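Colleague: coordinates for the following, if possible.
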Amino acid sequence: MGCRTRRMLLSLSPTIAFNVHIAPLKSRPTLHAVDHIPILIDRLVMWSTLPEKKKTKSTKPPMTLHYAIAKTTLDYLLVATLSSQIRFVALDASPERLISTLKTTFPLASISSASGSCARLAERLAAHIEDPLEALTRLPTGQPGTPFQQEVWRAISAIPLGSTRTYAQLATDVGRPKAVRAVAQACGRNDLALIIPCHRVIGSDGAMTGYRWGAQRKKVLLERERQAARELPRQEA
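Modeller: Coordinates of the predicted model:
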């Protein structure tokens, strides 16, 4: 008799158990329930022989990020894609540091070096660093975020080339003038450097603060964009 059967028998009504054990051998128990105990035991034995269902954890397969790295005048640039959508853009001093940052940002993802379309995207972003007039339009991006973060990122993307906004001004732009700190946090959560140009957001005193990829890179990017904006009317003429 299996453990489950014994547990079921022990859980039976005390009245039934009493009649089973102390009823005289020559007397017939009068309780109707006792008459059905053999059938009940047979069913319990059959039930105990059924295979138990194994508890399995439903695990999703890890997402695979493909990345490519390009050399620029602002050190190295990394682009990572997920299902053909740009998911991460970063700048750093070496490819090793960029790959380490990618793994830290996406600890559950599988990381794989790629060529083809991913490499072409990296080259396009690298060209934009050298010449900001190389527009970053119609890029396949897929950055998740809260509704507030998405609103802040849209407001950042609306800042014209060669212009800047302070964190306080950006908070006003999204209709949350008192949420300056939350706006700064949303800027810090931006994983798409250059595409969402959070380097165009500066401190109230004009300081190059709060840029995830370095204050010096932020300064150079803004200088190049201002120069490009001054040249833009000449090209259009």
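Colleague: if we ignore the residues flanking it in sequence, what's nearest residue 173?
Modeller: Distances taken as C-beta to C-beta, 6 or more residues apart in numbering place residue 155 nearest to residue 173, at 4.7 Å, with adjacent residues excluded. Quick note: C-beta positions are derived from backbone N, CA and C, even for glycine.
Colleague: checking my notes, that neighbour in a strand, right?
Modeller: No - counting by DSSP: H, G, I helix; E, B strand; the rest coil, one finds residue 155 to be helix, located in no strand.
Colleague: what's the burial count for it?
Modeller: Residue 155 has 21 neighbouring residues, counting by other C-beta atoms under 10 Å.
Colleague: residue 74 now?
Modeller: Using other C-beta under 10 Å, the number of residues around residue 74 comes to 20.
Colleague: also residue 81?
Modeller: Neighbour tally, residue 81, other C-beta under 10 Å: 22.
Colleague: run through the bridge partners of it.
Modeller: residue 66, residue 86 (DSSP bridges).
Colleague: wait, isn't it in contact with residue 66?
Modeller: Yes - counting by C-beta atoms under 8 Å, residue 81 touches residue 66, with 5.2 Å between them.
Colleague: any residues in contact with both of those two?
Modeller: 114, 118 (C-beta atoms under 8 Å, 6 or more residues apart in numbering).
Colleague: care to break the protein down by domain?
Modeller: Domain assignment for the chain by automatic domain parsing gives 3-48, 64-130, 147-236.
Colleague: do a quick rundown of the helices in the protein.
Modeller: Taking DSSP state H as the test, the helices found in the chain are 3-10, 14-22, 32-35, 37-48, 95-105, 117-130, 147-157, 167-173, 180-188, 215-236.
Colleague: and the ones you listed, which one's lowest on average pLDDT?
Modeller: Lowest mean pLDDT within those: helix 14-22, a mean of 44.
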